Structure formats: structure tokens, C-alpha cells
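J.: below are the sequence and a predicted model; questions follow.
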Amino acid sequence: YRNHRKLVIIDDYIGYIGGFNVGDEYLGKNKRFGYWRDTHLRIEGEGTSELKIRFLQDWYHASDKDPEDEPEIQMHPYIEGNAPMQLITSGPDTTYDNIKYAMMKMISIAKHSIIIQTPYLVPDIAFMDTLLLALNQGVEVNIMIPDKPDHPIIYWATTSYAGELIKHGAKIYRYENGFLHAKVMIVDDILSMVGSANLDERSFSLNFEASEIIYSYEVNLELREQFAIDVENSSLLTEEMYEQRSLIQKIR
């Protein structure tokens with residue numbers, strides 16, 4: 001039951017949320033991983049208040065501090081932008097797997113394309129079926145995973161699910177320029193999600209997670225452009241390549 005949220009709130013006006021942790025390896029200083037590829041949002045304005053409320057709820061849970069001691073949260077409108085966003089959180093303290101359900105809903109309403117970046121691709125049956133349904137309906141599904149493992153067992157599980165999705169028409173890219181840690185979903189041309197949740201059961205049910213859903217053509221386009229850059233540093237895992245993997249890889 002670890003708190004996996006990555007939140008920073010500054011003066012009730014600037015907020016950060018996404019995949020970045022605090023440590024040298026996330027700055028690319030760990031020789032084992034090298035360059036660390038992640039995605040984090042910088043939020044300015046009223047959207048920051050939701051992050052502050054989430055932080056305070058966690059703080060009170062951990063410290064038993066009286067909420068009355070906290071000054072009132074100030075709402076600061078951001079004049080230069082108006083991207084609507086929605087903070088989704090989930091964990092052992094919630095009745096439902098909110099982030100997983102939000103992801104599945106996004107996938108189910110996709111009309112044209114789904115883009116996913118995740119370091120771990122170990123979905124449960126319901127999530128897997130939702131992806132397969134989208135593929136069977138003709139939706140283009142592009143998923144990017146790391147080419148190197150940080151947890152070997154999860155890496156081989158990720159490869160197994162990737163192979164299953166390839167057989168149904170998904171494109172699986174393996175990021176080769178360091179370690180891919182971004183947790184991003186892009187649906188069609190307006191709907192996006194960036195946060196802390198991986199595509200595995202730990203993030204769906206056991207971790208305390210936080211992700212933002214953004215309803216914005218501009219943000220969607222920026223995330224798509226970054227995905228295109230990442231594709232240039234990736235290799236496409238084809239069905240032929242998957243079938244030709246060694247016996248040792250198959251056993252793993």
C-alpha cells in the first residue's frame with residue numbers, strides 16, 4: 001500500500017503531476033538505466049486546487065493533523081489558457097478502481113486511435129478485453145513500452161501481453177533511448193491522461209495513484225508530437241519478431 005502519487009503544489013497556483021519521482025536515477029544519473037524518459041504536467045491556475053486538496057487529504061490521513069489548521073485554499077484563475085482537466089485518484093481507500101475505470105472508458109469511446117505509453121503492460125482480463133474490443137472495432141492502437149527492464153519478471157510479463165496484442169493488430173514500440181517511465185494515454189484528438197498509474201494490478205488496486213484527464217486539442221497535439229519523437233527512438237515489435245524469440249525468452 002504505497003503512496004505512488006507524484007504531486008508538487010506551489011503557492012496554490014503552480015502544480016506538477018505525472019511520472020517523475022525525486023532521485024538521481026530520474027535525472028539520468030544512474031548508469032544502469034541511463035537516460036530516463038518521463039512525462040510530467042505543469043498546471044497553472046484553478047486546476048492546481050484539486051492537487052492541493054488531494055495532498056491535504058493524504059497529509060491528514062498520515063499525520064492526523066486537524067484540517068482546521070490549514071489556511072483556505074486560494075483559487076487563482078489562469079488567464080492565458082482554459083484547458084479543462086479532471087483529477088482522478090484511486091487506491092486502497094477508494095471503493096472502485098477509479099483510474100482503471102477511467103482508462104477503460106477512454107478506450108471504449110475511442111473512434112480512431114489510442115496511444116499508450118507505459119513502463120509496465122500487465123493488464124487484468126477486463127482491461128485486456130477492452131483493448132481487444134477497440135482493436136476489433138478498427139481503432140488504431142499504438143503502445144510504447146521500455147526495451148530494457150527495471151524489474152525482469154514484470155518485463156517478461158509485459159512482453160507476453162504485447163505479443164497477444166500484436167496478434168490482434170496493435171502496434172507495439174520498444175523505447176530504446178534509455179528507460180521509458182511515462183504513463184500517458186491519448187485518445188482521438190481531444191482526450192488525454194497523464195499521471196502516476198502504470199498498466200498493472202498494483203497501480204490499479206494497491207497503490208495510491210493520481211492522474212489528470214485533460215480535454216484539450218492543444219495538449220493532445222503536444223503529447224502526440226512527443227510520442228512521434230519517441231517513436232524515432234524506438235523499434236517496432238512485429239509478430240514475426242515475436243514468434244522468432246528464443247526458447248529461453250518463451251520460457252521466461
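T.: Perfect, I can see it now.

J.: ok, how many other residues are close to the closest residue to Pro84 other than its chain neighbours?
T.: Spatial nearest neighbour of Pro84, excluding adjacent residues (Cβ to Cβ, 6 or more residues apart in numbering): Tyr215 at 4.5 Å. Where you see a C-beta, it was placed from the backbone N, CA and C, and this is true even at glycine. Here the number of neighbours of Tyr215 (other Cβ atoms under 10 Å) works out to 13.

J.: tell me who's in contact with Tyr215.
T.: Ala83, Pro84, Met85, Gln86, Ile190, Leu191 (Cβ atoms under 8 Å, 6 or more residues apart in numbering).

J.: residues contacting the fourth one?
T.: Contacts of Gln86 were listed using Cβ under 8 Å, 6+ apart, and they are Glu212, Ile213, Tyr215.

J.: how near is the residue nearest to Pro84 to Ile114?
T.: Distance of Tyr215 to Ile114, computed by Cβ to Cβ, to the nearest Å: 16 Å.

J.: quick one: contacts for the spatially most central residue of the chain?
T.: With distances taken as Cα atoms, centre = their mean, the residue of the chain nearest its centroid is Lys183 (2.1 Å). Lys183 sits next to Gly18, Gly19, Thr39, Gln117, Thr118, Pro119, Val194, Gly195, Ser196, Ala197, Asn198, Ser211 when contact means Cβ under 8 Å, 6+ apart.

J.: one more time with 6 Å, if that's ok
T.: Gly19, Thr118, Gly195, Ala197, Asn198 (Cβ atoms under 6 Å, 6 or more residues apart in numbering).

J.: so the first one sits against Phe179, correct?
T.: Going back to what we said before, that points to Gly19. No: counting by Cβ atoms under 6 Å, Gly19 sits too far from Phe179 to count as a contact (11.1 Å).

J.: and the contacts of Lys183, which are buried?
T.: Taking 16 or more other Cβ atoms under 10 Å as the criterion, what is buried in the contacts of Lys183 is Gly19, Thr118, Gly195, Ala197, Asn198.
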